[in-house]
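Colleague: just a sequence and a predicted model for now, questions to come.
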Amino acid sequence: MYKNLAATLVAACFFSPVFSQTTPAKGSVAEPVKAGFVYVSPITEAGWTRQHDQGRKAVEAALGNQVKTTFVENVAEGADAERVIRDLAATGHQIIFTPSFGYMEPTLKVAQDYPQVKFESITGYKTTPNVAAANARYYEGRYLAGIAAGRMSKTGVAGFVAGFPIPEVLQGINAFTLGMRSVNPQATVKVVWLNVWFDPPKERDAAMALFNQDVDVIAFHTGSTAVMAAAQERGKMAVAYHSDMRKTGPDAQIVAVTHQWGAYYTERVRAVQNGTWKSANLWGGVREGMIRVGDFGSRVPVAVQQEVLNAQKAVGAGKLQPFRAGKAPVRDNEGQERIAAGQALSDAQILQMNWLVEGVVGKVSR
């Protein structure tokens, strides 16, 4: 279903968007490629948007005066996104990256009116001749983080603060739980749904509520560092997501699942520069260098760190698949068999995931 174009890669409220641009270095011979980036939340010291902005900076570092980047932060999904994307297309940007699932439809709409512009729908899944899609196998990192959480938890109860019940998030919750239960078969994961991606006070409140329910280690799929900060405040443990968050939780962080977009973004801008850009649909993970687990906290024993890193190598080599059942089938938390013994889910099945695995305390709102 997904074409791997990364073979060459290593490893809803009113707002005032903030424009920021770089200036190409002096002495530029050819006109630089103008690349635009649209961000769903503000750029903070860590989190989803920061990782994409790090990717933008990687493009600048790699291409120098051959590229000029523009970004717009804190753009709400929907009509606001369409307006911003359209403005970037109208002002000469040759390639526009839109990294948020809710940007997919606005991106497609604008792309129809600007066939000469290339668009990269990050976490989207629909493509056209001038719209490519790309996403990462975040669930691979989640499984690995689950191993660390399973080893470190004393109560065997983890928490998970989640944004929306879309397949990507369900994949992460399930993989985290399976990773945890691979080292502690009795482990459970309690889920709180926020129905928002970025709301630090709401994220914090959810974490605090979970810590009052025997949770001693927590993971999250939201956009800020609020959950990590809550764990630090309460003396609990947390898995960082998107970025390394040890600055926020020096004692709380046990491991980080980080997203690495620099190589992909650079490759795609370079393709525009070379006239070789083609629409494609990429789903890359550990093997492609788009997902990395590491940045262990000081309280994590070396043996646990090595166990996780060895598992990461196995995932990268294709020897370990989070959604492959062992001798026993994998069931959901309502008792239905979802993965037969010895079998693995296909990419199509993973992408359509709408259930929670056994061990998860929570429900999917349908």
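Modeller: Thanks, I have the structure now.
Colleague: shaky segments in this protein?
Modeller: The model of the chain has pLDDT under 70 over residues 1-29, 366.
Colleague: where along it do the helices fall?
Modeller: 48-63, 79-90, 104-113, 138-152, 167-183, 200-211, 226-234, 262-274, 302-316, 347-351 (DSSP state H).
Colleague: tell me the most buried of those helices?
Modeller: helix 138-152 (a mean of 27; mean count of other Cβ atoms under 10 Å). To be clear about C-beta, it is placed using only N, CA and C from the backbone, and glycine gets the same treatment.
Colleague: packing partners of that helix?
Modeller: Applying 3 or more Cβ pairs under 8 Å, 6 or more residues apart in numbering; DSSP states H and E, we find helix 138-152 packed against helix 167-183, strand 217-221, strand 237-242, strand 253-259, strand 291-294, helix 302-316.
Colleague: a markdown table for these, including distance to residue 201?
Modeller: Shown next, in a markdown table, are these (distance: least, Cβ to Cβ, whole Å):
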| stretch | distance to residue 201 |
| --- | --- |
| helix 167-183 | 20 |
| strand 217-221 | 14 |
| strand 237-242 | 17 |
| strand 253-259 | 21 |
| strand 291-294 | 28 |
| helix 302-316 | 32 |
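Colleague: for residue 55, see how far away the spatially closest residue to residue 57 that is not a sequence neighbour is.
Modeller: Excluding the flanking residues, the one nearest residue 57 by Cβ to Cβ, 6 or more residues apart in numbering is residue 262, at 7.7 Å. For residue 262, the distance to residue 55 equals 5 Å [Cβ to Cβ, to the nearest Å].
Colleague: residue 255 too?
Modeller: Distance from residue 255 to residue 55, by Cβ to Cβ: 21 Å.
Colleague: try residue 260
Modeller: Distance from residue 260 to residue 55, by Cβ to Cβ: 8 Å.
Colleague: so what's the residue count around residue 361?
Modeller: The number of residues packed near residue 361 is 16, by other Cβ atoms under 10 Å.
Colleague: right, and it touches residue 189 too?
Modeller: Yes. Between residue 361 and residue 189 there is a contact under Cβ atoms under 8 Å: 6.8 Å.
Colleague: picking up where we left off before, closest one to residue 340 among the helices and strands packed on helix 138-152?
Modeller: Closest to residue 340 of those, according to Cβ to Cβ: helix 167-183, at 15.1 Å.
Colleague: what is that closest one packed up against?
Modeller: Against helix 167-183 (3+ Cβ pairs under 8 Å, 6+ apart) you get helix 138-152, strand 157-162, strand 188-193, strand 217-221, helix 347-351, strand 360-361.
Colleague: got a markdown table for those, with distance to residue 131 too?
Modeller: Output for the helices and strands packed on helix 167-183, formatted as a markdown table (distance: least, Cβ to Cβ, whole Å):
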| stretch | distance to residue 131 |
| --- | --- |
| helix 138-152 | 22 |
| strand 157-162 | 28 |
| strand 188-193 | 30 |
| strand 217-221 | 25 |
| helix 347-351 | 18 |
| strand 360-361 | 34 |
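Colleague: among those, which is nearest residue 102?
Modeller: Comparing those by Cβ to Cβ, strand 217-221 comes nearest, at 14.6 Å.
Colleague: and the nearest residue to residue 50 once chain neighbours are set aside, what is it in contact with?
Modeller: Using Cβ to Cβ, 6+ apart and skipping the chain neighbours, the partner closest in space to residue 50 is residue 243 (5.4 Å). Contacts for residue 243 were tallied using Cβ atoms under 8 Å, 6 or more residues apart in numbering; they are 45-47, 50-51, 256, 258-259.
Colleague: can we see that at 10 Å?
Modeller: Taking Cβ atoms under 10 Å, 6 or more residues apart in numbering, we find residue 243 in contact with 44-51, 54, 225, 228, 256-259, 295.
Colleague: any idea how far it is from residue 323?
Modeller: Taken as Cβ to Cβ, the span from residue 243 to residue 323 is 25 Å.
Colleague: do residue 48 as well
Modeller: From residue 48 to residue 323 the distance is 23 Å (Cβ to Cβ).
Colleague: ok so, going back, what about the helices of the chain, which gets the closest to residue 126?
Modeller: Per Cβ to Cβ, nearest to residue 126 of the helices of the chain: helix 104-113, 6.1 Å.
Colleague: now do that closest one: which elements does it pack against?
Modeller: helix 79-90, strand 95-99, strand 118-122, strand 131-136 (3 or more Cβ pairs under 10 Å, 6 or more residues apart in numbering; DSSP states H and E).
Colleague: now the ones you listed as JSON lines including distance to residue 164?
Modeller: Below are the helices and strands packed on helix 104-113 laid out as JSON lines (distance: least, Cβ to Cβ, whole Å):
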{"stretch": "helix 79-90", "distance to residue 164": "16"}
{"stretch": "strand 95-99", "distance to residue 164": "16"}
{"stretch": "strand 118-122", "distance to residue 164": "16"}
{"stretch": "strand 131-136", "distance to residue 164": "15"}
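Colleague: to residue 147, which of the ones you listed lies closest?
Modeller: Using Cβ to Cβ, these put strand 131-136 closest to residue 147, at 18.9 Å.
Colleague: for that closest one, buried residues please.
Modeller: Counting neighbours by 16 or more other Cβ atoms under 10 Å, one finds that the buried residues in strand 131-136 are 131-136.
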